[in-house]
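> fold the following.
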Amino acid sequence: HEAALCTAIDTDFGGRSAHETRLAELFVVRAGIRHALSHLRGWMRERRVATTMPFLPGRNRLIPQPLGVIGIVSPWNYPFQLAVAPVIAALAAGNRVLIKPSELTPAFSALLAKLVAEHFAADELSVISGDAEMGKAFVSMPFDHLLFTGSTAVGRQVAIAAAANLTPVTLELGGKSPAIFDPSCDLDAAVSSIAYGKLLNAGQTCIAPDYLLVPKGQAGTVAARLATAIAKLYPTLRDNPDYTAIISDRHHQRLRDMVTEARDAGADITEINPAHEELGATSRKLPPTLVRNAGSNLRLMREEIFGPVLPIVEYTGIDEAIAHVNGADRPLALYWFGRDSGNRQRILHETIAGGVTVNDCMLHLV
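Alright, predicted model coming up:
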């Protein structure tokens with residue numbers, strides 16, 4: 001169903017690169033299925049556990065058992081991967097599963113419901129479609145485990161609803177994930193990685209670099225090189241099937257408002273539109289945008305961006321870079337670029353993030 005899935009997600013986005021869907025969604029799910037099939041027998045095996053002398057001749061055993069019914073609330077940004085990958089794990093462990101996909105991907109949700117109904121009994125795996133009110137009702141059900149992927153604000157509400165039933169919850173939330181250029185980094189390689197990592201899915205990725213920390217005096221140089229790298233990746237935007245659109249009018253306007261606020265506050269804004277195209281009122285494609293000298297009070301610097309907008313912030317010394325990261329909520333991802341092993345160790349030991357990749361983007365998730 002590869003072609004149908006790519007088409008449905010492209011429809012929902014109003015332009016989603018089929019290459020991104022295949023790479024970031026279908027490939028990941030296929031790999032997960034293969035991994036589960038090859039390891040399932042071992043995962044399910046009963047294990048003997050050592051018994052200490054005072055308790056002999058008694059014996060201890062560890063017997064894996066399913067939890068029961070698992071609820072999965074999946075987001076819109078990678079709708080197939082973030083719904084089906086956790087389903088694989090839940091089914092492999094012998095559970096039954098209910099999925100509530102995002103209301104922002106109606107074409108995909110309808111296709112997923114159709115395919116699930118064709119291949120699974122209703123009491124094995126089912127898809128529940130609906131809006132935010134349906135989502136609230138869904139997370140209030142007494143599941144045996146609940147998995148939510150989405151924003152921190154909604155994640156808090158999910159945790160509160162699940163607590164009423166003492167439902168164990170796994171929350172995969174977002175945040176402002178920093179990328180740090182050390183003075184020792186290979187600037188061209190680092191810039192290339194950031195351009196790719198930031199613009200995959202037009203920045204609508206929970207582990208995308210949210211802002212970039214660069215040594216004092218380098219913001220202009222880095223911005224110029226980033227503009228060149230981005231133009232090489234996306235020489236055109238409007239009719240380029242490889243440059244993904246923003247998922248909805250509301251999200252598109254939110255990003256535009258962030259940039260407008262920064263511009264009005266005196267920040268330096270660079271929109272990268274190599275072909276100087278007019279994107280038009282009906283297009284939700286947003287040009288890659290670099291922002292320098294943005295004040296810390298701006299929405300751009302306080303909220304997760306989740307789009308192709310990258311603030312560049314200068315720092316003086318590694319102590320200031322570490323303090324900047326630690327001054328905010330712990331990020332989901334952190335990226336560090338450089339050759340200085342001492343600075344690398346300091347970043348790894350003195351900051352806390354959900355995952356870290358050194359000298360590249362996103363590979364810790366892969």
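
> for the closest residue to residue 277 other than its chain neighbours, phi and psi?
What sits nearest to residue 277 in space, not counting adjacent residues and going by CB to CB, 6 or more residues apart in numbering, is residue 238, at 4.4 Å. Glycine gets a C-beta too; all of them are placed from N, C-alpha and C. With angles defined as degrees, to the nearest 10, residue 238 sits at phi -60, psi -50.

> against residue 8, how distant is residue 238?
Applying CB to CB, to the nearest Å, the value for residue 238 to residue 8 is 22 Å.

> and these two? Which one has more around it.
Applying other CB atoms under 10 Å to residue 238 and residue 8 shows that residue 8 carries more neighbours, namely 23 against 15.

> distance from the chain centre to the helix or strand containing the more buried one, please.
Per DSSP states H and E, residue 8 falls inside helix 2-13. Computed by CA atoms, centre = their mean, to the nearest Å, the separation of helix 2-13 from the middle of its chain amounts to 19 Å.

> over to stretch 302-311?
13 Å.

> mean confidence score for it?
Averaged across stretch 302-311, the pLDDT comes to 96.

> can you check stretch 167-183 too?
Average pLDDT, stretch 167-183: 95.

> could you do stretch 209-217 as well?
Here stretch 209-217 scores 97 as its mean pLDDT.

> now the residue sitting furthest away from the middle of the chain, what's its secondary structure?
No residue in the chain sits farther from the centre than residue 57, which is 50.6 Å out by CA atoms, centre = their mean. Put simply, residue 57 is coil when judged by DSSP: H, G, I helix; E, B strand; the rest coil.

> give me the phi and psi angles of it.
Main-chain torsions, residue 57, degrees, to the nearest 10: phi -90, psi 20.

> would you map the helices across the stretch 151-300 of the chain?
Assigned helices in the stretch 151-300 of the chain, in chain order: 152-163, 187-199, 219-233, 249-264, 299-302 (criterion: DSSP state H, counting those that start in this stretch).

> any idea which of the ones you listed is most buried?
helix 187-199 (a mean of 21; mean count of other CB atoms under 10 Å).

> what helices and strands are in contact with that helix?
Contacts defined by 3 or more CB pairs under 8 Å, 6 or more residues apart in numbering; DSSP states H and E place helix 187-199 against strand 178-181, helix 219-233, strand 333-337.

> what's the closest of the ones you listed to residue 14?
helix 219-233 (20.2 Å; CB to CB).

> thank you, goodbye.
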